[in-house]
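> Just a sequence and a predicted model for now, questions to come.
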Amino acid sequence: MDKPHALLVASPGLGHLIPVLELGNRLSSVLNIHVTILAVSSSSSSPTETEAIRAAAARGTCVITELPSVDVDNLVEPDATVVTKIVVTMRAMKPAVREAVKSMNRKPTVMIVDFFGTGLMSVADDVGMTGKYVYIPSHAWFLAVMVYLPMLDKLVEGEYVEIKEPMKIPGCKPIGPKELMETMLDRSDRQYRECLLGGEEIPTSDGVLVNTWEELQGNTLAALRGDGELNRVVKVPVYAIGPIVRTNGPIGKPNSIFEWLDQQPERSVMYVCLGSGGTLSLEQTKELAWGLELSGQRFLWVLRKPTSYLGVNSRDDDQVTAGLPEGFLDRTCGMGLVVTQWAPQVEILSHGSIGGFLSHCGWSSVLESLTKGVPIVVWPLYAEQWMNATLLTEEIGVAVRTSELPAKGVIGREEVAFLVRKIMVEEDEEGRKIRAKAEEVKVSSERAWNQGGSSHSSLFEWAKICRLVSS
């Protein structure tokens, strides 16, 4: 008899693609079902996205089909944000997705879309699937804000950024100006209206899968599921099935990064990486460099080209390092390593010499750090990263943060050095508590996916309800 079949649809962009690829791999390997992933590409798809698809296909756990995105230039304003373009693209992909499903030899039992693809859920009804679900590759607080946003839109007058008191989310941590998602900063912008529509569409699904676990966010999950106001808004079951992260891959030998890491003492290196899109101004790049040097701590820095140098025609490596203070590489030689190309993040965070992570706080990077027990210096730049930074510092307790949002001003070298030392220096009392908490979270993340663990059980509960496994 044919295995049950789940269909996943991934939005364009590396940050959306990888979480869906990893979810597909988890569904296939744990539930032993057939998984098809429709990956919507874009005209600006990066070589890294292509490599991610190739590597996922090589695992052989899922069938991956790339769907070229449709041209939406006539559907969006010339200055439309990336979020607006992605959401409009996914909605316009409905005919192509429907035809792709109809051409499959075996009809999918269920359809899973990410939160940019909620406009595609009607396809599941059109072709007679038994269920349609939304995958939130972020955390439960993000989900709570998303589904409650239509209520805030009615309750709050004016711009959210001008509200002095944090806005209440029933049963959850309130959200203030320093936590607002980027899409909430301007209510007149179309991306806000698209985000609002997504919040309205999520409750029309048959359920939500979220990339967190009970021990990490039990109170927020309880609010989403309980009999209070938030549950009456979300309306559908919420399944915590995280952490779902990339697994370690093979490291080509020789590899200069790991040769260097192998020579460093245990837990002695601060890993610095602000994501694939994490570019800083030239001034901030210099201050970060000075701060790392002043800290006196070892560091591995995956450095991107400063924003003022973007688009300049020159050798990439030269242009990237040209943004560093004069003599920086010579002075820090031996204590630090600057990498200007792609680096294997999961494998780096798994290395015994890594003691901290200065991160942009994309949720995938956060989970990769937490599952390795690595505490974080949060450096949020865009999207929901400001929320993530607050969650990590104030609620979970595994991170330290800058005195102001890096997007709002330049963080000085003295503050950088202070934060790095707080995480890395053994004698710092607050740092000791943060490191201990990071280790606790690592253990709880492993426990969640053990046989009978909370996420393992939640996944099977969902799979039984949508008839992917027998009861």
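Okay, I see it.
> Contact partners for Lys107?
With contacts defined as Cβ atoms under 8 Å, 6 or more residues apart in numbering, the neighbours of Lys107 are His5, Val101, Val127, Gly128, Met129. To be clear about C-beta, it is placed using only N, CA and C from the backbone, and glycine gets the same treatment.
> helices and strands of the protein: which one bottoms out on pLDDT?
Of all helical and strand segments in the chain, the minimum by mean pLDDT, DSSP states H and E falls on helix 316-321, at a mean of 63.
> Next, the buried residues of whichever helix or strand comes after that helix.
Following the chain from helix 316-321 toward its C-terminal end, the next helix or strand by DSSP states H and E is helix 328-331. Judged by neighbour count (16 or more other Cβ atoms under 10 Å), helix 328-331 contains these buried residues: Phe328.
> neighbours around the nearest residue to Leu274 once chain neighbours are set aside, how many?
Distances taken as Cβ to Cβ, 6 or more residues apart in numbering place His360 nearest to Leu274, at 4.2 Å, with adjacent residues excluded. When counting by other Cβ atoms under 10 Å, one arrives at 22 neighbours for His360.
> Test my guess that His360 contacts Gly278.
Yes. Assessed by Cβ atoms under 8 Å, His360 is found in contact with Gly278 at 4.6 Å.
> what residues are shared contacts of these two?
For the pair His360 and Gly278, residues contacting each of them under the criterion Cβ under 8 Å, 6+ apart are Leu381.
> Can you tell me what sits against stretch 55-62?
Taking Cβ under 8 Å, 6+ apart as the criterion, the residues outside stretch 55-62 that touch it are Leu8, Leu21, Gly24, Asn25, Ser28, Ser29, Val35, Thr36, Ile37, Ile64, Gly249.
> For that stretch, buried residues please.
Neighbour counts over stretch 55-62 (16+ other Cβ under 10 Å) mark Ala56, Ala57, Thr61, Cys62 as buried.
> Kindly reformat the residues you listed as CSV and extend each row with pLDDT, secondary structure and distance to Trp301.
Below are those laid out as CSV (pLDDT from 0 to 100; DSSP: H, G, I helix; E, B strand; the rest coil; distance: Cβ to Cβ, whole Å):
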residue, pLDDT, secondary structure, distance to Trp301
Ala56, 81, helix, 28
Ala57, 80, helix, 32
Thr61, 89, coil, 34
Cys62, 94, coil, 34
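> For Pro108, state which of the residues you listed is nearest.
Minimum separation from Pro108 among the buried residues of stretch 55-62 (Cβ to Cβ) is found for Cys62, which lies at 12.4 Å.
> any idea how far the closest one is from Leu23?
10 Å (Cβ to Cβ, to the nearest Å).
> list the residues that contact both of these two?
What both Cys62 and Leu23 touch, as defined by Cβ under 8 Å, 6+ apart, is the set Leu8.
> Domain parsing of this protein, as residue ranges.
5-242+449-465, 256-442 (automatic domain parsing).
> these two touch, right, Ser42 and Met93?
No. Using Cβ under 8 Å, Ser42 and Met93 do not qualify as a contacting pair, with a distance of 10.9 Å.
> any shared contact partners between those two?
What both Ser42 and Met93 touch, as defined by Cβ under 8 Å, 6+ apart, is the set Ser69.
> and the two? which has more neighbours close in?
Met93 (25 against 17).
> Can you tell me how far the more buried one is from Ala39?
11 Å.
> Mutual contacts of those two, please.
By the contact definition Cβ under 8 Å, 6+ apart, Met93 and Ala39 are jointly contacted by Leu67.
> How about the spatially most central residue of the chain: what's its closest non-neighbour residue?
When the chain is reduced to its mean C-alpha position, the nearest residue by Cα atoms, centre = their mean turns out to be Trp363, at 3.0 Å. Sequence neighbours aside, Ser138 is the residue nearest to Trp363 in space, at 4.5 Å (criterion: Cβ to Cβ, 6+ apart).
> What of Val236?
Gly207 (5.0 Å).
> Pull the contacting residues for that neighbour.
By Cβ under 8 Å, 6+ apart, the neighbours of Gly207 are Gly131, Tyr133, Val134, Val236, Pro237, Val238, Tyr239, Trp462, Ile465, Cys466.
> so the fifth one touches Val208, yeah?
Yes. Checked against Cβ under 8 Å, the pair Pro237 and Val208 is within contact range at 7.4 Å.
> neighbour-wise, which of those two wins?
In this view Pro237 and Val208 are compared by other Cβ under 10 Å, and Val208 has more residues nearby, 25 against 18.
> Tell me what the more buried one is bridged to.
Under DSSP bridges, the beta-bridge partners of Val208 are Val134, Val238.
> please renumber so the chain begins at 81
New numbering, starting at 81: the last item is Val288.
> Leu471 versus Ile491, what's the distance?
20 Å.
> er, Ile216 I mean
From Ile216 across to Leu471, the span is 14 Å (Cβ to Cβ).
> So for those two, which sits in the more crowded spot?
Between Ile216 and Leu471, counting by other Cβ under 10 Å, Leu471 is the more crowded of the two (28 against 22).
> which other helices and strands contact the helix or strand harbouring Ser108?
Here Ser108, judged by DSSP H and E, is contained in helix 94-111. Using 3 or more Cβ pairs under 8 Å, 6 or more residues apart in numbering; DSSP states H and E as the contact criterion, the secondary-structure elements in contact with helix 94-111 are strand 85-90, strand 114-120, helix 127-139, strand 190-194, strand 211-216, helix 443-450, helix 534-545.
> how many other residues sit next to the residue nearest to Trp443?
28.
> next one: Leu235
10.
> Now Leu417, what are its backbone angles?
phi -130, psi 120 (degrees, to the nearest 10).
> Ile331 versus that one, what's the distance?
Distance from Leu417 to Ile331, counting by Cβ to Cβ: 16 Å.
> His536 contacts Trp529, doesn't it?
Yes. Checked against Cβ under 8 Å, the pair His536 and Trp529 is within contact range at 5.5 Å.
> Strands of the chain, residue ranges please.
Listed from the start of the chain, the chain has strands (DSSP state E) covering 85-90, 114-120, 143-147, 190-194, 211-216, 288-290, 318-320, 349-353, 378-382, 416-419, 434-439, 456-458, 479-481.
> Throw those into JSON lines and include mean pLDDT, thanks.
Below are those laid out as JSON lines (pLDDT from 0 to 100):
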{"stretch": "strand 85-90", "mean pLDDT": "97"}
{"stretch": "strand 114-120", "mean pLDDT": "96"}
{"stretch": "strand 143-147", "mean pLDDT": "94"}
{"stretch": "strand 190-194", "mean pLDDT": "97"}
{"stretch": "strand 211-216", "mean pLDDT": "98"}
{"stretch": "strand 288-290", "mean pLDDT": "98"}
{"stretch": "strand 318-320", "mean pLDDT": "98"}
{"stretch": "strand 349-353", "mean pLDDT": "97"}
{"stretch": "strand 378-382", "mean pLDDT": "97"}
{"stretch": "strand 416-419", "mean pLDDT": "95"}
{"stretch": "strand 434-439", "mean pLDDT": "98"}
{"stretch": "strand 456-458", "mean pLDDT": "98"}
{"stretch": "strand 479-481", "mean pLDDT": "97"}
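> Just send these back as CSV, with distance to Gln297 too.
Converted to CSV, the strands of the chain look like this (distance: least, Cβ to Cβ, whole Å):
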stretch, distance to Gln297
strand 85-90, 23
strand 114-120, 26
strand 143-147, 30
strand 190-194, 19
strand 211-216, 12
strand 288-290, 9
strand 318-320, 7
strand 349-353, 25
strand 378-382, 29
strand 416-419, 33
strand 434-439, 19
strand 456-458, 16
strand 479-481, 15
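> Okay then, goodbye and thanks.
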